[in-house]
Structure formats: C-alpha cells, structure tokens
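Visitor: Give me coordinates for this.
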Amino acid sequence: MAMQRAPRQARVHQTEIIAQRRALIESDTEKLLVIQREGSFTFRAVDCLYNPRVFFKTAFVPCLVNGDNAKELGLGTRKRHAWLCLLAPLVIGATASVGKTKGEYRKRNAIPGLTSDDNCLGCCYPWCLICQIRNELDVQASEKAEVQKLIEELVAGGQAIDRE
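Guide: So this is what the prediction gives:
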C-alpha cells in the first residue's frame, strides 16, 4: 500500500505575493484618488497664495513651473513647454501649453469644464493658472505618498489586503 501524494502545486515566493498585492493596491489607490477629486478642483485659479513657495517661484520663473507641470502630466518635455509659456499672453502659448496643462489635468481627474475657458485663463491670467495646477499636482503627490506609506506599513506588518 503506497501512500498517494497530492499533486505538487507551483510554489510562489512571498516577494511575488507582496508585489502583486502592491500592484493591486496601487491601481486601486489611483482610482480612489481620481474618484475623490472627481468633479472639481481642490484649488481655484485665484488661490495663488495657498503655497507661498509656489507663488514666488511662479512669479519669478513661471515658464519653468509650467514646464514642470506639463512634464508631470506627460504633455512633453519641460524645455518645450517652458518656451511655449513665454508666448502665454498670446493665443499660441495659451492654447499650446498653459491652457493645455489645465485641460489635461481636467481630463485625468474627470473634472467637467470647457477647453475654451482654460485657454482664455491661460491668455489673461497665466500665472494664476500655473499656480493652480502646481498646487493641485503637489497636493495629489502628497496624498499619493501618504497612501503608499500606509500600504507599505500594512504589507510589512503582514496584513492581508483583500479586494472585494
């Protein structure tokens, strides 16, 4: 009488499980952050003084800040959008760079609005628009960092995180 063995199952390393959990949680985190801010901006265009560092940086080198915004949103290189920002008081720079960054942010976060409004603000008040988007991106990055820290603590503690 020979004992029958159960079929061997593929072994999965703990690091693979942790990586899969993190990938699931990170995708859910992105969705949650988008849903949380869906429908409206956190800041208005006139909230330039919310972060004095961003305000002064935008006041003295607005094109570099706009280039950073565009690069972070995946619209192209920093250098290209910095040069386009120099044309912001003209319709060319407003539609090609400053207004486009706000439009892209709108699209990514499902915020309703008109492209023509973004372009008009880009022509008339490019500094305010650049500050608004920089503040939005900074707050979004800090929220994401907090959630990532919480996830890492949970995973490091061995807590199972199930998806329903």
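Visitor: Quick one: list the elements packing against the one helix or strand Val155 maps to.
Guide: For Val155, the host element (DSSP states H and E) is helix 126-156. Counting contacts by 3 or more C-beta pairs under 8 Å, 6 or more residues apart in numbering; DSSP states H and E, helix 126-156 packs against helix 14-37, helix 52-60, helix 62-72, helix 99-108, helix 115-124. No exception for glycine: its C-beta is placed from N, CA and C like everyone else's.
Visitor: if you set the cut-off to 7 Å instead, what comes out?
Guide: Packed against helix 126-156 by the contact rule (3 or more C-beta pairs under 7 Å, 6 or more residues apart in numbering; DSSP states H and E) you find helix 14-37, helix 52-60, helix 62-72, helix 99-108.
Visitor: least reliable of the ones you listed going by mean pLDDT?
Guide: Of all those, the minimum mean pLDDT falls on helix 14-37 (a mean of 60).
Visitor: hang on, the earlier thing: tell me which residues in the helix holding Val155 are buried?
Guide: 126-138, 140, 143, 147, 151, 155 (16 or more other C-beta atoms under 10 Å).
Visitor: angle of it against helix 52-60?
Guide: Orientation check (axes from the mean of the first three to the mean of the last three C-alpha atoms, to 10 degrees): helix 126-156 against helix 52-60 gives 140 degrees.
Visitor: Give the rounded mean pLDDT of helix 126-156.
Guide: Helix 126-156 comes out at a mean pLDDT of 83.
Visitor: and the angle from that helix to helix 115-124?
Guide: Here helix 126-156 points in a direction 120 degrees away from that of helix 115-124 (the same axes, to 10 degrees).
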